[in-house]
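Build me a structure from this.
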Amino acid sequence: MRIWISLVAATMLFSGLARAETQNVVLLELFTSQGCAACPPADEMLGMLAARDDVIALSLHVDYWDYIGWEDSFADATFTRRQKQYARAWNRSTVYTPQVILGGLDELKSFRRSAVNEALDQHLSRPARVHLTMTRGSNGEIELQAVAEPPLEGEAEVFFLRYVPRASVEVTSGENNGMRLTHYNIVTSLERVTRWDGQSALRLTLNAPGDDPAVVVVQEAGQGPVLAAARRR
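Presented below is the predicted three-dimensional model:
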């Protein structure tokens, strides 16, 4: 990935490009696995949220269930590490699936629709700490600008993700043997592109070939709360 980083004036705007901005958007991360018998209901719940414009709902498939007889076709050790980083940040020694994390801050322990909507409403009522503008040009590059108002007290990390909106898989072994599982917003790549001091405005140019949707997440360093997220479908 080619990345260009520079400091720019906070008033700088991009013109002539498709644009996505943070407008009370909640990042919802589902850590899941095709080898986990308890995960299909959570996958279905995420499917109901995938179409919402105010929620960026993502499936991150972990690889630690693969040993029981079915290798998850979307599993990636990068996603397992991200989940373990949350556990360390919260002083926990174990991880589990399905696990839903909202805004890098809270767990969602109930998958009832009423509980999901209540938790999302609470997060949506909190203004974003960072104003994030994400635009895609005709050549596939994405231009990103982030401005913290007020400036951040500590460093933030900027992550770039790509995902596939939907896919179905026939499972032929393991705990879900014989099931056809449908997954939504399946993360295929996750990369930390830079650290940011949150003082001056930040501008990035990211190379994003292909048609898969792209997501940018600005998060407090050390796997802290999500400060802003934006998406280009």
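
going forward, measure contacts between C-alpha atoms and count neighbours the same way
Will do.

Now do the strands in the chain.
3-8, 18-21, 26-32, 55-61, 99-102, 106-107, 130-136, 141-148, 156-170, 180-196, 201-207, 214-220, 226-232 (DSSP state E).

so where is this structure shaky, pLDDT-wise?
Applying pLDDT under 70 to the chain flags the ranges 1-23.

Could you rerun that using 80?
Along the chain, segments meeting pLDDT under 80 span 1-23, 110-111, 137-138.

how far away is the most far-flung residue of the chain relative to its centre from Trp70?
What lies farthest from the middle of the chain is Gly178; by Cα atoms, centre = their mean that is 29.5 Å. Taking Cα to Cα, to the nearest Å as the measure, Gly178 falls 11 Å from Trp70.

Give me the common contacts of the two.
Val171, Thr172 (Cα atoms under 8 Å, 6 or more residues apart in numbering).

follow-up on the earlier one: out of the strands of the chain, which comes closest to Ser93?
Ser93 lies closest, by Cα to Cα, to one member of the strands of the chain: strand 99-102, at 14.7 Å.

by contact count, what packs against that closest one?
strand 26-32, strand 106-107 (3 or more Cα pairs under 8 Å, 6 or more residues apart in numbering; DSSP states H and E).

go again using 10 Å as the cut-off
strand 26-32, helix 40-49, strand 55-61, helix 77-89, strand 106-107, helix 113-124 (3 or more Cα pairs under 10 Å, 6 or more residues apart in numbering; DSSP states H and E).

out of those, nearest to Glu153?
helix 77-89 (18.2 Å).

Just the angle for the closest one relative to strand 55-61, thanks.
110 degrees (axes from the mean of the first three to the mean of the last three Cα atoms, to 10 degrees).

what inclination does helix 77-89 have with respect to strand 26-32?
Going by the same axes, to 10 degrees, helix 77-89 makes 110 degrees with strand 26-32.

List the buried residues in helix 77-89.
Residues of helix 77-89 classed as buried: Thr78, Phe79, Thr80, Arg82, Gln83, Lys84, Gln85, Tyr86, Ala87 (neighbour count, 16 or more other Cα atoms under 10 Å).
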